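[1] okay, here's the prediction I keep looking at, along with the sequence it came from:
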Amino acid sequence: MILIQRRLVLLSLLAVPLGARAQADEWQTVVAPDLRFRLEMPAPAAKSTADEKEKGHAGVRVAWESRRGEQIFDFDYVDYEPGWFSSRDSKVMAKELGRGEAEKAFPTPKYKYLRDEPITLQGWDGYALDIEGDAGAGVMMRTYIVKDRLLRLLVTVSDEASKAAANRFLDSLKLAETKP
C-alpha cells in the first residue's frame with residue numbers, strides 16, 4: 001500500500017509542469033547487492049528499504065531515488081516467493097503491474113498515453129507506460145519481471161533535456177542474466 005501511495009504522489013507531478021534548471025551532469029552507478037542488475041541515476045541517489053509486505057513478497061522492497069533539478073528518478077525492486085511469477089503468464093503480470101493504479105489516477109480523457117505496450121529487456125517481460133499531462137509534463141515508467149523479482153523504474157519529464165535524461169536512466173538498466 002505504501003508503494004502505491006508513493007507512486008501516486010510521484011505520478012501526481014503530472015498535474016504540475018516541471019521547471020527546468022541547469023544541473024551538473026553527475027551520474028552514479030547503482031548495483032544490486034546480489035549483483036543481479038545495475039543502472040545509472042543522477043547523483044546522489046538515496047537508498048531506502050520498506051518492510052511493506054504485499055501478497056507474494058518474499059523480502060523487503062529496496063528503492064533508490066534521486067533528483068535532477070525538479071526531475072525525479074525512482075527505481076525499486078522486490079523479490080517474490082519462488083514460483084510467484086514463473087508459475088504465471090509474465091506478460092500479463094507485467095502489464096497489470098506496469099499499469100497498476102495509473103489508469104485509475106490518470107484517465108485517458110485527461111491524460112495522453114504516449115507509450116502503452118509490452119516490452120522486453122534481455123528476453124525478460126516488461127511493460128512501458130509513458131503518460132503526458134498538461135503543458136507537456138509527464139512520467140515514464142518501466143516494469144520488468146526477472147524470474148521472481150519485480151523491477152520498476154519511474155522518471156518525470158518536462159522538456160527535451162529532461163526526456164534525454166529520462167531515456168538515459170531507463171536505458172541504463174542492465175541485468176546480470178538474459179532469459180534462456
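    Arrived safely.

[2] tell me the contacts of Val31?
    For Val31, the contact set (Cβ atoms under 8 Å, 6 or more residues apart in numbering) comprises Phe37, Arg38. For the C-beta atoms, the positions are set from N, CA and C on the backbone; glycine is no exception.

[3] do you know how far Gly59 is from Gly136?
    Gly59 sits 38 Å away from Gly136, going by Cβ to Cβ, to the nearest Å.

[4] for Glu117, same thing?
    21 Å.

[5] cool, and Val31?
    Counting by Cβ to Cβ - Val31 and Gly136 are separated by 33 Å.

[6] low-confidence ranges in this protein?
    Along the chain, segments meeting pLDDT under 70 span 1-24.

[7] longest helix in it, by residue count?
    helix 160-171 (DSSP state H).

[8] which is the next helix or strand following that one?
    strand 174-175 (DSSP states H and E).

[9] name every strand pairing with that following strand and say which way it goes.
    strand 37-42 (antiparallel) (DSSP bridges).

[10] roughly how far is the partner strand from the heart of the chain?
    12 Å (Cα atoms, centre = their mean, to the nearest Å).

[11] stretch 155-168 now?
    Per Cα atoms, centre = their mean, the centroid offset for stretch 155-168 relative to its chain is 14 Å.

[12] show me what counts as buried in it.
    Along stretch 155-168, these residues count as buried under the neighbour rule (16 or more other Cβ atoms under 10 Å): Val155, Thr156, Val157, Ser158, Ala161, Ser162, Lys163, Ala165, Ala166, Arg168.

[13] where exactly do the helices run in this protein?
    2-11, 90-99, 102-105, 160-171.

[14] mind putting those helices into TSV with distance to Tyr144?
    Putting these into TSV (distance: least, Cβ to Cβ, whole Å) gives the following:
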stretch	distance to Tyr144
helix 2-11	16
helix 90-99	7
helix 102-105	16
helix 160-171	11
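
[15] out of the ones you listed, flag the one nearest Arg149.
    helix 90-99 (11.3 Å; Cβ to Cβ).

[16] I'd like the distance between the residue nearest in space to the middle of the chain and Trp27.
    Closest to where the C-alpha atoms of the chain average out (Cα atoms, centre = their mean) is Leu153, at 1.6 Å. Using Cβ to Cβ, we find Leu153 at a distance of 14 Å from Trp27.

[17] same question for Thr120.
    For Thr120 relative to Trp27 (Cβ to Cβ), the value is 25 Å.

[18] do Arg67 as well
    Distance from Arg67 to Trp27, by Cβ to Cβ: 13 Å.

[19] again with Phe73
    10 Å.

[20] okay, those two: which has more neighbours?
    Higher neighbour count among Phe73 and Trp27: Phe73, with 24 against 19, using other Cβ atoms under 10 Å.
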